[in-house]
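1. return a 3D structure for these sequence lines:
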Amino acid sequence: MEKLTPQEEEAMMAVWKTGEGNVKMFLENMEPPRPPYTTLASTIKNLEKKGLLQSRLIGNAYLYQPVVSEEDYKKSFMSGVVKNYFADSYKELVNFFVEQKKLSPDELQEIINMIEGKK
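-> Got it, this is the predicted structure:
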């Protein structure tokens, strides 16, 4: 699965939040500043062409729904990030956040507990 542009990601986030809907509904589920309606409509059509959305015509309006779940996209995206930026090492990813002081010792312990199956 190819990496989405920031504009496409923003649109997909609105689609995942909405579920099945039309462009107007997606626009309502976006954070300000929202793109113009026509820009979002074009982005939605592009996402459909890329196979991430499917549509059906109801009356004179198209309803769109995601073909790819948010979870599947996250997995694919994060795998690419780890492979391309962290030498395919999740340890290096965690180390990066520790070095950047984005992960506290308590949060790191929570991660260790999750790995060990503790609560």
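2. quick one, strands of the chain?
-> All strands of the chain, identified by DSSP state E, fall at 53-58, 61-66.
3. could you find the closest non-adjacent residue to A61?
-> Distances taken as CB to CB, 6 or more residues apart in numbering place N22 nearest to A61, at 5.4 Å, with adjacent residues excluded. Backbone N, C-alpha and C define where each C-beta goes, glycine included.
4. now the longest helix along the chain: how far from the chain's centre is it?
-> Secondary structure of the chain per DSSP state H: the longest helix is helix 70-85. Relative to its parent chain, helix 70-85 has a centroid offset of 10 Å by CA atoms, centre = their mean, to the nearest Å.
5. burial of L27, as a residue count?
-> Per other CB atoms under 10 Å, the neighbour tally for L27 reads 20.
6. pLDDT below threshold where in the protein?
-> Within the chain, the stretches with pLDDT under 70 are 119.
7. wait, doesn't E70 sit right on W16?
-> Yes: contact criterion CB atoms under 8 Å: E70 and W16 qualify, at 4.4 Å.
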